[in-house]
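>>> fold the following for me, if possible:
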Amino acid sequence: MTQPQAMRNNTALPPDQPGYFDALFSQSDDPWSFKTRWYERRKRALTLAALPLERYDHGFEPGCANGELSSRLATRCRHLLVSDGIDKAVALSRERLKDHRNVEVRKAWMPRDWPRDTFDLIVLSEFLFYLKPAVVEDIARLAQASLAPNGTLLACHWRHPIAGCELTGDDAHAILERVVERPRQCQIVEPDLRLDVWATGPSVAEREHIS
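Sure, this is the predicted structure:
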């Protein structure tokens with residue numbers, strides 16, 4: 001299995017440090033080919049389809065990179081906060097999202113700069129495997145504490161090993177499953193990706209009075 005190109009570059013740099021991502025964004029405005037790969041477009045569609053609510057009041061997406069997923073999440077949230085720890089990523093996201101007046105883009109490194117807000121949607125996509133296990137556990141606890149009682153936590157990650165990374169996507173999701181104190185409502189496991197949704201409340205069919 002071939003890893004996405006950006007995941008195979010710069011392995012001399014620690015993948016949990018800003019310099020790793022500075023190097024990636026110095027080479028390309030789209031290091032993971034979010035804009036061009038069908039794999040990425042399909043994954044965004046799966047992410048949006050897996051959300052149990054049609055609309056959310058206040059969403060949060062840390063590690064937003066160049067804002068491609070953020071632009072889709074913006075259509076599902078009354079207000080959306082997105083963040084990244086890399087200056088160029090923040091600049092690219094602000095340009096990508098400039099027409100979405102409901103979106104705020106911040107520079108923030110996780111978990112140090114986790115916001116003190118309450119969210120009814122948190123999306124953790126394609127960055128937890130870069131971190132140490134204890135840091136992923138910290139993020140999981142912060143997400144759990146920040147979720148509104150009726151909130152949704154969605155995580156989606158690449159499943160294959162990445163050079164220099166201690167965790168796979170499966171490992172990161174196992175930590176989330178252990179820490180997050182709400183039921184898992186949806187799980188998609190494919191050869192390349194894993195997507196999990198933790199949420200309380202009725203199912204989509206129950207909300208629509210179908211079941």
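
>>> now do the strands in the protein.
When secondary structure is read from DSSP state E, the chain shows strands at 56-62, 77-84, 103-107, 119-125, 147-158, 184-189, 193-199.

>>> list the buried residues in stretch 20-27.
Within stretch 20-27, the residues that qualify as buried by neighbour count (16 or more other Cβ atoms under 10 Å) are 20-25. All C-beta atoms are positioned from the backbone trio N, CA, C, and that covers glycine.

>>> err, stretch 103-119, not the other one
Neighbour counts using 16+ other Cβ under 10 Å place 103, 105-106, 108, 110-111, 114-115, 119 of stretch 103-119 among the buried residues.

>>> stretch 121-140: end-to-end distance?
In stretch 121-140, first residue to last residue: 14 Å (Cα to Cα, to the nearest Å).

>>> mean confidence for it?
Taken as a whole, stretch 121-140 carries a mean pLDDT of 98.

>>> quick check, pLDDT for the closest residue to residue 14 other than its chain neighbours.
Spatially, and ignoring its direct neighbours in sequence, residue 14 is nearest to residue 20 (6.2 Å; Cβ to Cβ, 6 or more residues apart in numbering). According to the predicted model, the pLDDT of residue 20 comes to 95.

>>> in the protein, where is pLDDT below threshold?
Counting by pLDDT under 70, the chain contains low-confidence ranges at 1-11.
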